[in-house]
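Visitor: Below are the sequence and a predicted model; questions follow.
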Amino acid sequence: MKSISQRFLQVILFGFTPLFLLAFGTLGTGFAGEEPKKDGDKNAKAKVAQIRISGSITDGNVGPESPKADTNLLLIRERILKAAEDESVKAMLLELDGVECGFAAVDEIQEAIDTFRKKGKKILAYTASGESRDILLGVCADEFWMPESAWMMLLGVRSEVYFYKEILDLLGVRADFLKVGDFKSAVEPYTRTSLSEPAKRQMTEMLDDFYGKSIVERVVKARSTKGLSRQAVRETIDRAPLAAKAALDAGLVDQIGYLPSARERTREWVGGTAEVVADYGKAKVEEIDFSNPFSLLKALSPPKAKAGKQPRIAVIFAVGEIDTGKSGAGLGSSKVGSETIVEAIRQADEDPTVKGIVLRVDSPGGSALASDLMWAELKRCKKPVVASMGDVAASGGYYIAMAAKRIFADPSTITGSIGVFGGKLAYGPVLKRVGLHTEVISRGANVGVLSGSNPFSESERKAMTALIENTYGQFLDKALTGRLEAGKKDFTLDKMKALAGGRVWTGRQAFENGLVDELGSLDSAIAWVRDQSDLPKDKKPELLKLPKPRNLIEDLFDFELGVRHTAVPGPGWTRLFQALPAELRRVALPALQLLETRGGPVFLLPAEIISIK
């Protein structure tokens, strides 16, 4: 059985994980489905599709019967696009209730809304919560309503980074980290009390892009009939929060009213007798009879993948933190397991009906070993591979995308972060303070390189520096090769180094710099693969979605608890975590993710996640 030190030595992480590690640092749809069926014909009774979007939107492949279906980006888009194709649906009532997602997910939902409207159908958006994403989606509708008592909470963008150095100093813990690249800021929360100049400049430029393009310009374009200028939108944001009436006067809202009135308004658009179909396109979930063993067996059975006979495109979802082993649920996020993804890649490549593969990436990174295993398997594919980036495809997420023939990113994707850091916590003084003493007998100059008792010796530091530089060199070489193979003939190693160094970019910035090839959604990537194959160009292709969704029982447990369940009783960290206030949970989450996914002796240093709201 391998010791903890041996296991740690094998772990090279992409991400903010502050274990003794080597890490490539990170930050903290559609052809989405088969060809929609026509639910009605031209003589059918007119319908209004009512769709509600609420809560934290996630990417990935989940079954329509999953409790996560309501917040799944793919399924939300499917429902909107199904309504667009349904000839009996003449209008839509889009209820927005506290939508939480990245700006890239807003890009993709807006694309579906625009597709619906291009069919000559009208959308009325309604929100009572008035959160920022509700507003950004609502302004894209033909009419946007709020109740009189609601607030307009489009406040701009903000990133808050927590710094732990002084806490560690008080405890007697030293964060001993090495890094490559001026923009490799993942270690700064543990070694500084404020952002360095390069890190601050990087964050400022990224926030400027989000604020100017993802917010202000989006509102200006969506409200073009109001004649709003960029300056007027900025002034409105600076006056927020605003009452509904003030938002109406500012041109961001079209009508003050309540949901029943909004519902009647949509019926008036298509005729007073129109049927409003609540939860349009939502799958009916069969209730589990826990007294019936056959019902339980059915719920525990994994969803069966649809057997394909017609030519199709495989979409492989890599959503969550990257690690070795099987995919699953983690504390606060999902896990992309290299074993699961490699199996999915092989299945798609060996399936004679699959004409091409789209890798959908929404990941901040993780294990470099796992990332490289997936990258290598994608490079071995005989079929064309295209990558589609969601909210985040940084570091390890960018690494696996480098194997693609072409990379698509949403304009607001967070990507890049090509960089390396490594280090450890020297927590020996803490142990002595509580009366725990150690005595070491060793052979080998660097045998203590993984020990938390002391900072690096000069010999250990030299060996670690060489290892970090070697790993960074591999990342650069593969990134450069990927760009050259994608047709970016002007790329040189010097140019790649200038774009790397741990720097993060928005999708727009990455496109301008050549790190991605196209700005577009998952649908755009699928359409590109279709057009490069012998699939019909005038119809949506059938999709094979991999890995297969988890079964209902697994989803229910993860949905309720947000943790991965194991047969080994834990120390109660998850119960403590659930009891914390929301803000403290956000601070504590990275540390608890370390405990859950890595184990080992280090738990005092939380992994910082860059959060943009």
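Guide: Cool, the structure landed.

Visitor: mind checking how far the longest helix seen in the chain is from the chain centre?
Guide: Ranked by residue count under DSSP state H, the longest helix found in the chain is helix 458-485. Centroid separation for helix 458-485 versus its chain: 26 Å, with C-alpha atoms, centre = their mean, to the nearest Å.

Visitor: after it comes which helix or strand?
Guide: helix 493-499 (DSSP states H and E).

Visitor: what's next to that next one, contact-wise?
Guide: 416, 418, 476, 479, 480, 483, 505, 513, 514, 515 (C-beta atoms under 8 Å, 6 or more residues apart in numbering). No exception for glycine: its C-beta is placed from N, CA and C like everyone else's.

Visitor: which helices and strands sit right next to the longest helix of the chain?
Guide: Packing contacts for helix 458-485, counted by 3 or more C-beta pairs under 8 Å, 6 or more residues apart in numbering; DSSP states H and E, involve strand 21-24, strand 174-180, helix 396-401, strand 420-426, helix 493-499.

Visitor: any idea of the mean pLDDT in the shortest one?
Guide: For strand 21-24, the mean per-residue pLDDT is 42.

Visitor: what's the answer for the second one, then?
Guide: The average pLDDT within strand 174-180 is 86.

Visitor: In its sheet, which strands sit next to that strand, and in what direction?
Guide: Listed by DSSP bridges, the sheet partners of strand 174-180 and their directions read strand 420-426 (antiparallel).

Visitor: Now do the same for the partner strand: mean pLDDT, whole number.
Guide: Mean predicted confidence for strand 420-426 is 81.

Visitor: Kindly report the same for stretch 225-245.
Guide: Across stretch 225-245, pLDDT averages out at 96.

Visitor: what about that stretch, how long is it end to end?
Guide: This stretch, stretch 225-245, spans 19 Å end to end (C-alpha to C-alpha, to the nearest Å).

Visitor: Kindly check the end-to-end length of stretch 55-66 for me.
Guide: Using C-alpha to C-alpha, the end-to-end distance of stretch 55-66 comes to 15 Å.

Visitor: What residues of it count as buried?
Guide: 57, 58, 59, 60, 61, 62, 63, 64, 65, 66 (16 or more other C-beta atoms under 10 Å).

Visitor: Same check on stretch 100-120?
Guide: In stretch 100-120, counting by 16+ other C-beta under 10 Å, buried: 100-113, 115-117.

Visitor: Repeat that for stretch 193-211.
Guide: So for stretch 193-211, counting by 16+ other C-beta under 10 Å, buried means 195, 198, 199, 202, 203, 206, 207, 209, 210, 211.

Visitor: Then stretch 224-241?
Guide: For stretch 224-241, burial by neighbour count (16+ other C-beta under 10 Å) applies to 228, 232, 233, 234, 236, 237, 240.

Visitor: Neighbouring strands - and their directions - for the helix or strand hosting residue 51?
Guide: Per DSSP H and E: residue 51 is located in strand 47-56. With DSSP bridges as the test, strand 47-56 is paired with strand 89-100 (parallel), strand 275-277 (parallel).

Visitor: Residue 99 reaches residue 130, doesn't it?
Guide: No: here residue 99 lies out of contact with residue 130, judged by C-beta atoms under 8 Å, at a distance of 10.8 Å.

Visitor: From residue 95, how far out is the residue nearest to residue 253 when sequence neighbours are not counted?
Guide: Ranked by C-beta to C-beta, 6 or more residues apart in numbering and with sequence neighbours excluded, the top spatial neighbour of residue 253 is residue 247, at 4.4 Å. Per C-beta to C-beta, to the nearest Å, residue 247 is found 17 Å from residue 95.

Visitor: Strands along the stretch 1-150 of the chain, start to end?
Guide: Shown for the stretch 1-150 of the chain, the strands assigned by DSSP state E, counting those that start in this stretch span residues 12-14, 21-24, 47-56, 89-100, 122-127, 143-146.

Visitor: Is it possible to get JSON lines of those strands that adds distance to residue 439?
Guide: Below are the strands of the stretch 1-150 of the chain laid out as JSON lines (distance: least, C-beta to C-beta, whole Å):
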{"stretch": "strand 12-14", "distance to residue 439": "31"}
{"stretch": "strand 21-24", "distance to residue 439": "26"}
{"stretch": "strand 47-56", "distance to residue 439": "49"}
{"stretch": "strand 89-100", "distance to residue 439": "51"}
{"stretch": "strand 122-127", "distance to residue 439": "64"}
{"stretch": "strand 143-146", "distance to residue 439": "68"}
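
Visitor: Please tell me I have it right and the residue nearest to residue 253 contacts residue 241.
Guide: No: judged on C-beta under 8 Å, residue 247 makes no contact with residue 241 at a distance of 9.4 Å.

Visitor: what residues do the two have in common as contacts?
Guide: Residues touching both residue 247 and residue 241 (C-beta under 8 Å, 6+ apart) are 130, 152.

Visitor: For this protein, which residues score under the pLDDT cut-off?
Guide: 1-44, 285-308, 329-333, 550-613 (pLDDT under 70).

Visitor: So for it, which residue is the most central one in space?
Guide: In the chain, the centroid-proximal residue (C-alpha atoms, centre = their mean) is residue 362; its distance is 3.9 Å.

Visitor: Looking at residue 247 and residue 95, which one has more neighbours?
Guide: Legend: neighbour count by other C-beta atoms under 10 Å for residue 247 and residue 95, higher for residue 247 (26 against 21).

Visitor: The more buried one: what secondary structure?
Guide: Here residue 247 is recorded as helix under DSSP: H, G, I helix; E, B strand; the rest coil.

Visitor: Which neighbouring residues are in contact with it, exactly?
Guide: Residues near residue 247 by C-beta under 8 Å, 6+ apart: 130, 146, 152, 236, 253.

Visitor: and residue 156, helix, strand or coil?
Guide: For residue 156, the assignment made with three-state DSSP gives coil.

Visitor: Quickly name whichever of the buried residues of stretch 224-241 is closest to residue 126.
Guide: The closest of the buried residues of stretch 224-241 to residue 126 turns out to be residue 240 (C-beta to C-beta; 19.0 Å).

Visitor: State the phi and psi torsions of the residue at the greatest distance from the centre of the chain.
Guide: The centre of the chain is farthest from one residue, residue 441, which by C-alpha atoms, centre = their mean lies 46.2 Å away. Backbone torsions of residue 441, given as degrees, to the nearest 10, read phi -120, psi 120.

Visitor: do you know how far it is from residue 447?
Guide: Taking C-beta to C-beta, one finds residue 441 at 10 Å from residue 447.

Visitor: Tally up the residues packed near residue 257, please.
Guide: 19.

Visitor: residue contacts, it?
Guide: Residues in contact with residue 257 (C-beta under 8 Å, 6+ apart) are 145, 147, 265.

Visitor: Can you give me the neighbour number for the second one?
Guide: Burial measure for residue 147: 16 neighbouring residues, criterion other C-beta under 10 Å.

Visitor: go on, the first one?
Guide: Using other C-beta under 10 Å, residue 145 is surrounded by 26 other residues.

Visitor: Kindly report the same for residue 516.
Guide: 30.

Visitor: That one touches residue 389, doesn't it?
Guide: Yes: counting by C-beta under 8 Å, residue 389 is a contact partner of residue 516 at 7.0 Å.

Visitor: Closest to residue 459 out of the contacts of residue 247?
Guide: Comparing the contacts of residue 247 against residue 459 with C-beta to C-beta places residue 130 closest, at 59.0 Å.

Visitor: pretty sure that closest one is touching residue 150, no?
Guide: Yes: counting by C-beta under 8 Å, residue 130 does reach residue 150; the two are 4.8 Å apart.
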